[in-house]
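Q: Following is a predicted model, sequence given first.
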Amino acid sequence: MEVDLRTTMRTFATGVTVVTTYVDGPEGRRHDAMTVNSLTSISLLPPLVSISLRNTSAFLADVLDSGVFAVSILDVGAADLAGTFAAGRPVRTAALRSACTTPGAVTGALIIDSPGWLECTVHRAVPLGDHTLVVGEVVASGVQRRRPPLIFLHGDYHALDTSPRHKPLLHATR
Ligand SMILES: Cc1cc2nc3c(=O)[nH]c(=O)nc-3n(C[C@H](O)[C@H](O)[C@H](O)COP(=O)(O)O)c2cc1C
């Protein structure tokens, strides 16, 4: 039977994040940021999350070099930002200079003004097929009340309708 993982996974709605890291070189610290929707919460004790990055990713090389990354969970107004940080590195580094960011207090990786963020140290990196699963230990986190999250589904960005007439279907207990 033919497997078409990409087509099936397009029906799986996710949030959208921008992950940041940096490398320190002779000319100082060079930050980079990349749009990622493979964020998964793995463990609460210790707090672990994972992201899955293409093996050929320049960004992955930086994460493995610095050993730290930050994750900013985007709100519905940040679709343009998600598009920008999915482009090539020159576009991303230029955009980072004008984006509203703060260096994380623990790791120094940039945090984007967003509803929720995590700072992580690399706990493990496991090459699996054409991607590498990067497991991060969460060393700092934060939330702030903002607009609803940005949703990625069927290859497009969507808004979640949180108006009162669209009440949750069921109260989740997890
Ligand atoms: C919504 C969205 C989610 C993405 N999620 C991932 C992801 O989880 N892992 C990944 O490797 N690339 C992901 N990408 C693609 C990267 O952002 C894009 O390929 C980037 O240019 C890679 O940069 P690099 O190869 O220079 O490191 C995503 C793109 C979009 C638009």
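A: Cool, the structure landed.
Q: Test my guess that residue 57 contacts residue 34.
A: Yes: with contact defined as Cβ atoms under 8 Å, residue 57 counts as touching residue 34 (7.5 Å). C-betas here are computed from N, CA, C, even on glycine.
Q: more crowded one of those two?
A: Higher neighbour count among residue 57 and residue 34: residue 34, with 24 against 13, using other Cβ atoms under 10 Å.
Q: Name all residues that make contact with that one.
A: Residue 34 is in contact with 18, 19, 20, 53, 57, 59, 85, 86, 92, counting by Cβ atoms under 8 Å, 6 or more residues apart in numbering.
Q: Looking at those residues, which are in strands?
A: Members of those lying in strands (criterion: DSSP state E): 18, 19, 20, 53.
Q: What average pLDDT does stretch 10-30 get?
A: Regarding stretch 10-30, the rounded mean pLDDT is 97.
Q: Keeping just the C-alphas, turn it into PDB.
A: Output of stretch 10-30 as PDB, limited to C-alpha atoms (Å, rounded to 0.1, in the frame of the first residue of the first chain):
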ATOM      1  CA  ARG A  10      -2.000  18.200   6.200                       C
ATOM      2  CA  THR A  11      -5.300  17.300   7.900                       C
ATOM      3  CA  PHE A  12      -3.700  17.500  11.300                       C
ATOM      4  CA  ALA A  13      -4.100  21.100  12.700                       C
ATOM      5  CA  THR A  14      -1.100  22.400  14.600                       C
ATOM      6  CA  GLY A  15       0.000  25.700  16.200                       C
ATOM      7  CA  VAL A  16       2.900  27.600  14.700                       C
ATOM      8  CA  THR A  17       6.100  28.600  16.500                       C
ATOM      9  CA  VAL A  18       9.300  30.500  15.700                       C
ATOM     10  CA  VAL A  19      12.300  28.700  17.200                       C
ATOM     11  CA  THR A  20      15.500  30.800  17.700                       C
ATOM     12  CA  THR A  21      19.100  30.000  18.400                       C
ATOM     13  CA  TYR A  22      22.500  31.600  17.800                       C
ATOM     14  CA  VAL A  23      26.200  30.900  17.200                       C
ATOM     15  CA  ASP A  24      29.100  32.900  18.700                       C
ATOM     16  CA  GLY A  25      31.800  33.700  16.200                       C
ATOM     17  CA  PRO A  26      34.700  36.100  15.800                       C
ATOM     18  CA  GLU A  27      32.300  38.800  14.600                       C
ATOM     19  CA  GLY A  28      30.000  38.300  17.700                       C
ATOM     20  CA  ARG A  29      26.700  36.600  18.200                       C
ATOM     21  CA  ARG A  30      24.700  35.700  15.000                       C
END
